[in-house]
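1. Show me the folded form of this:
(chains A and B)
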Amino acid sequence: MDAQIIVSILISVCVASTPLLLAATGELVVERSGVLNLGVEGMMIIGAVAGFSVAQITGNPYIGAIAAIGAGAVFSLLFAFLTLSLVTNQVATGLALTILGLGLSGMIGEGFVGQPGIKMTSLDIPYLSDLPLVGKLLFGQDAIFYTSLILVGLVSWFLFRTRAGLMLRSVGDNSKSAHALGIPVIRIRYMAVMFGGACSGLAGAHLSLVYVPQWVEGMTAGRGWIALALVVFASWRPARVLVGAYLFGAVTIAQFHAQALGIPIPAQFLTSLPYLATVIVLVIIARNRRMTMINTPASLGQPFVPDR
Amino acid sequence: MVDSDDNNKELLSVSGITKIFGTLKANDNVDLIVNSGEIHALLGENGAGKSTLVKMLFGSLQPTSGTIVWRGNKVKISNPSAARILGIGMVFQHFSLFDALTVSENIALSLGDNIEMSALADKTRSVSQEYGLPLDPDALVGDLSVGERQRIEIVRCLLQDPALIILDEPTSVLTPQEANKLFETLERLAGEGRSILYISHRLEEVQRLCSRATILRHGKVVGACDPREETAASLASKMVGAEIDIVHREAGSDTGDILLKLNALTMPPATPFSMPLRGISLDLRAGEVVGIAGVAGNGQSELFDAISGEATQADSDAISINGIPSGRMGISERRNLGAAFVPEERLGHGAVPNFALSENLLLARHRSDKADFLGLGLLGMIKRSKVKILSRQIIEDMDVRKSGEDPAAAALSGGNLQKFIVGRELDRNPSVLIVNQPTWGVDAGAAARIRQALIDLAASGSAVMVISQDLDEIFEVSDRIAVISDGGLSEPEPAKNMTREKIGMLMGASHQNDVDTPNTLEATA
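-> Predicted structure coming up:
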């Protein structure tokens, strides 16, 4: 295999991993604030259809991506209103959000099925992207890819280095104590949920504007669930989410190539490999039980009702 | 800081405060005046409305009606930040700390926005040393003892330089020695011109510290006095509004058969924040009450779980009930051997909150009284009428006050539910009874009833173990007293040889040996 092929494989790994990373990073922030939003899949698909349709109408994929961010955030606002203001069950509401998102996106996207999409072009940084081999990999990818990497860093810095991040973690650790100290629990959770929705929306846009550039009903194909699982296996640490998302992406791509090369391993086993590999590696990372318990948001999924 | 000229001036004046929750008047037209530089006691039984009142002063709750005047100006305290800006600080009864965050992160959360984390660590260290409250800013709160957690609350409060500090039942979790240190700190703070609103139901503390007291009963102010001029008995009758039954106890025997034997009971910690048990041995004999004293979080709940079978042991001989090794048995098997258990948490552990009393009775005894309550066959149809008859019997025996025929557990007050839960176990006439914090948050009348029932059970030939943080209770009921500290248990001694000071020493005993204890654990594990 020559170097060119390896580079193109690596780029396809990045493309496969980016939506997972975005959605998981968003959900990590949501869960760190103590809210369990199982509607990631639904918010992603809403982002995918919004991104695709707005890009088709305006002819500009960047406006499409921004529309996807907005659509994801607005859609998650519905979840926030139900679970935070009306105190509905978070698990049931999240599942409903997924089902609603899948149905709604199918309806909105009906007219766009089969249309050739507008692919978000790569950002070619002059000279740098012309470097041999690494040029294309490091400096010649799409804007959403770079956004996702910057976002992980920003989220990590925000959570562990800023006062606002500390407040968000405190709300997830003990919402009653936070309230007693005058920290606006519900407002922080609203903002966290909407951030998660925005990230999921962008993740969906990556699918319909970069990965596939098309609209296909149900095109998220369970990636929202993978992102949810990644957050838990990564024990709510941004860096581990990055490892998990890329591992999953890498093994997914590797098994495609293995199947293409006709390696005599049953295809079903190869298809299950990404799941297996990710679970095993993240379980090994998280084997320090003490650290896992410290990182787990203690009030995850528990509704908060101020006693007044 | 407050100028000394301000001393004895009105700092805070509350008039006509009322707070209504649903149909309950938690505070009814309450008046309270706190002067500068005084330590003012707010006295009352559990449920008298003390916590509700101070939560309104700290902005966590909003009054239904009434006014708050602070330094001569009428104010509305809409949230805790507003209270802090006015200069009101609070040390909570149930700490408002975050286990997964460090000490300085916990402190940062309650301070203003413009705090540098690096400077905060230094400031924490300096303030904590100045007031003799040593703290490590980088330690995780989940790893700290209860006394250390309270220090965080106090230091956090002091960093805001408050003019009024509210302390809600601060000594309920401290050893007598730790409490003495706290009193010194408080007297020093009052000397600096700060006011302290001290909430307690412990009369001797109030008499030692406070020059004025306001007494609440059922949400109303029933009196104001100088506690130093009152006797403990006169204060108690003001708080309770009636004379309390005195608990009677005959000397228990120490020659009965051993009904519960703990043999070097050792358990690793179940979570990073829980306590291991370190080689606990104890013989509990027929006819005696053994009191296990200790500060909260020293292994009491772990010990209870180990004996009740909620946590089973690898070594079958670690626990013997009625002479039968039962370390590997589950909770129902142990009950069938004649043991009975009353856990600390009433709602959610001792009883299912939304289930009726009779259903809770059945849940606890569906195995031990299978023949009485359940029909034959695989399904085991419930004989509801039988369960209800027994439930009524227990309610009558224990004088449980309730509304309705068979109300949900959550609808009862804490004291009445506890009477029912204790009664549920007593009715089986168990040979071994283990109770954890039997009267925590229970009013004085119900507490006396429960304690008497425990003593009477022992007198009838059973063995009773009472795990409690309340030293008064320990002395009232126990024939022998042992102290649990850092997961280890001291040698039990006859109650007549024990003093508060001695118990205090034992409570703090192994905290100084923190460095060696992990090794002893490994050696025994």
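2. Compute the distance between residue B:202 and residue B:381, please.
-> Distance from residue B:202 to residue B:381, counting by Cβ to Cβ, to the nearest Å: 50 Å. Bear in mind the C-beta positions are built from the backbone N, C-alpha and C, glycine included.
3. what about those two, which has more around it?
-> residue B:202 (17 against 10; other Cβ atoms under 10 Å in any protein chain shown).
4. Can you report how many residues neighbour the residue nearest to the more buried one when sequence neighbours are not counted?
-> Closest residue in space to residue B:202, ignoring its immediate chain neighbours: residue B:171 at 6.6 Å, by Cβ to Cβ, 6 or more residues apart in numbering or on different chains. Close neighbours of residue B:171, defined as other Cβ under 10 Å, add up to 18.
5. need the contact list for the closest residue to residue A:58 other than its chain neighbours.
-> Nearest residue to residue A:58, sequence neighbours excluded (Cβ to Cβ, 6+ apart): residue A:64, at 7.0 Å. Residue A:64 makes contact with A:50, A:51, A:52, A:53, A:54, A:55, A:56, A:58, A:118, A:205, A:209, according to Cβ atoms under 8 Å, 6 or more residues apart in numbering or on different chains.
6. what sits against the first one?
-> Read it as residue A:50. Residues near residue A:50 by Cβ under 8 Å, 6+ apart: A:64, A:67, A:68, A:70, A:71, A:72, A:108, A:201, A:204, A:205.
7. re the thing from before, now do the contacts for the residue nearest to residue B:202.
-> B:178, B:179, B:182, B:200, B:202, B:205.
8. Against residue B:417, how distant is the residue in the stretch 301-450 of chain B positioned nearest to chain A?
-> Going by Cβ to the nearest Cβ, chain A is nearest to residue B:348 of the stretch 301-450 of chain B, at 13.4 Å. Distance, residue B:348 to residue B:417, using Cβ to Cβ: 11 Å.
9. So which of those two has more stuff around it?
-> Neighbours per residue (other Cβ under 10 Å) separate residue B:348 from residue B:417, with residue B:417 holding more: 25 against 11.
10. does that one really touch residue B:351, like I thought?
-> Yes. Assessed by Cβ atoms under 8 Å, residue B:417 is found in contact with residue B:351 at 6.4 Å.
11. residues shared between the contacts of these two?
-> Joint contacts of residue B:417 and residue B:351 (Cβ under 8 Å, 6+ apart) are residue B:409.
12. and whichever strand or helix holds residue A:241, does that touch chain B?
-> For residue A:241, the host element (DSSP states H and E) is helix A:238-260. No. On the criterion Cβ under 8 Å from any Cβ of the partner chain, helix A:238-260 is out of touch with chain B, staying 16.0 Å away.
13. Sitting in strands, which of the contacts of residue A:64 do you find?
-> Among the contacts of residue A:64, no member falls in strands (criterion: DSSP state E).
14. Residue A:286: which of those is nearest?
-> residue A:205 (30.4 Å; Cβ to Cβ).
15. Just the buried positions in stretch A:124-137, please.
-> A:129, A:135, A:136, A:137 (16 or more other Cβ atoms under 10 Å in any protein chain shown).
16. could those residues go into JSON lines alongside secondary structure?
-> Output for the buried residues of stretch A:124-137, formatted as JSON lines (DSSP: H, G, I helix; E, B strand; the rest coil):
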{"residue": "A:129", "secondary structure": "helix"}
{"residue": "A:135", "secondary structure": "helix"}
{"residue": "A:136", "secondary structure": "helix"}
{"residue": "A:137", "secondary structure": "helix"}
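17. possible to save these as CSV with pLDDT and distance to chain B?
-> Converted to CSV, the buried residues of stretch A:124-137 look like this (pLDDT from 0 to 100; distance: Cβ to the nearest Cβ, whole Å):
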residue, pLDDT, distance to chain B
A:129, 77, 40
A:135, 79, 40
A:136, 79, 41
A:137, 82, 37
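18. Now do whichever residue of the stretch 1-150 of chain A sits closest to chain B: how many residues are near it, please.
-> Nearest to chain B in the stretch 1-150 of chain A, going by Cβ to the nearest Cβ, is residue A:32, at a distance of 10.6 Å. As a burial measure, residue A:32 scores 25 neighbours (other Cβ under 10 Å).
19. what's the pLDDT at it?
-> Looking at residue A:32, its pLDDT is 96.
20. Can you name the residues that contact it?
-> A:159, A:168, A:169, A:172, A:192, A:236, A:297.
21. Correct me if wrong: the first one contacts residue A:165.
-> Yes. Using Cβ under 8 Å, residue A:159 is in contact with residue A:165, at 4.1 Å.
22. OK, now which residue of chain B is nearest to chain A?
-> For chain B, Cβ to the nearest Cβ, closest residue to chain A: residue B:80, 3.3 Å.
23. Pull the contacting residues for the closest residue to that residue other than its chain neighbours.
-> Spatially, and ignoring its direct neighbours in sequence, residue B:80 is nearest to residue A:182 (3.3 Å; Cβ to Cβ, 6+ apart). Residues in contact with residue A:182 (Cβ under 8 Å, 6+ apart) are B:59, B:79, B:80, B:81, B:82, B:84, B:110.
24. circling back: and the residue of the stretch 301-450 of chain B closest to chain A, its phi and psi?
-> Dihedral pair for residue B:348: phi 100, psi -20, per degrees, to the nearest 10.
25. If I look at it, what pLDDT would I see?
-> With respect to pLDDT, residue B:348 has a value of 78.
26. Pick out the most distant pair among the contacts of residue B:171.
-> B:178 and B:200 (15.1 Å).
27. so residue A:41 makes contact with residue A:105?
-> No. Look at residue A:41 against residue A:105 with Cβ under 8 Å: they stay out of range, at 10.5 Å.
28. And the pLDDT for whatever residue of the stretch 51-200 of chain A ends up closest to chain B?
-> For the stretch 51-200 of chain A, the residue closest to chain B is residue A:182, as judged by Cβ to the nearest Cβ, at 3.3 Å. pLDDT, residue A:182: 82.
29. same deal with residue B:230?
-> At residue B:230, pLDDT is 83.
30. any idea how far it is from residue A:254?
-> From residue B:230 to residue A:254 the distance is 81 Å (Cβ to Cβ).
31. More neighbours: the two, which one.
-> A side-by-side neighbour count of residue B:230 and residue A:254, using other Cβ under 10 Å, places residue B:230 first with 19 against 16.
32. ok, now which ones touch the residue lying closest to that one once chain neighbours are set aside?
-> In space, and not counting its chain neighbours, residue B:230 is closest to residue B:207: 7.5 Å by Cβ to Cβ, 6+ apart. Counting by Cβ under 8 Å, 6+ apart, residue B:207 makes contact with B:227, B:228, B:230, B:232, B:235.
33. Quickly find the element holding residue B:207.
-> Assigning secondary structure by DSSP H and E places residue B:207 in helix B:203-209.
34. same check, this time on residue A:302
-> Going by DSSP H and E, residue A:302 is not part of any helix or strand.
35. so how far is residue A:225 from the residue of the stretch 51-200 of chain A closest to chain B?
-> 37 Å.
36. Just the buried subset of the contacts of residue B:207, written out for ChimeraX, thanks.
-> Of these, the buried ones can be selected in ChimeraX as follows, counting by 16+ other Cβ under 10 Å:
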select /B:227,230,235
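37. Out of the contacts of residue B:207, which sit inside strands?
-> If you go by DSSP E, these have nothing in strands.
38. Farthest-apart pair in the contacts of residue B:207, please.
-> B:228 and B:232 (11.6 Å).
39. List only those of the contacts of residue A:64 flagged as buried.
-> With burial judged by 16+ other Cβ under 10 Å, the buried subset of the contacts of residue A:64 is A:50, A:51, A:52, A:53, A:54, A:55, A:56, A:118, A:205, A:209.
40. Need the worst-confidence member of those.
-> Minimum pLDDT across the buried ones among the contacts of residue A:64 is recorded for residue A:118, with 88.
41. show me where the stretch 101-250 of chain B has helices.
-> B:103-110, B:117-130, B:146-158, B:176-191, B:203-209, B:232-240 (DSSP state H, counting those that start in this stretch).
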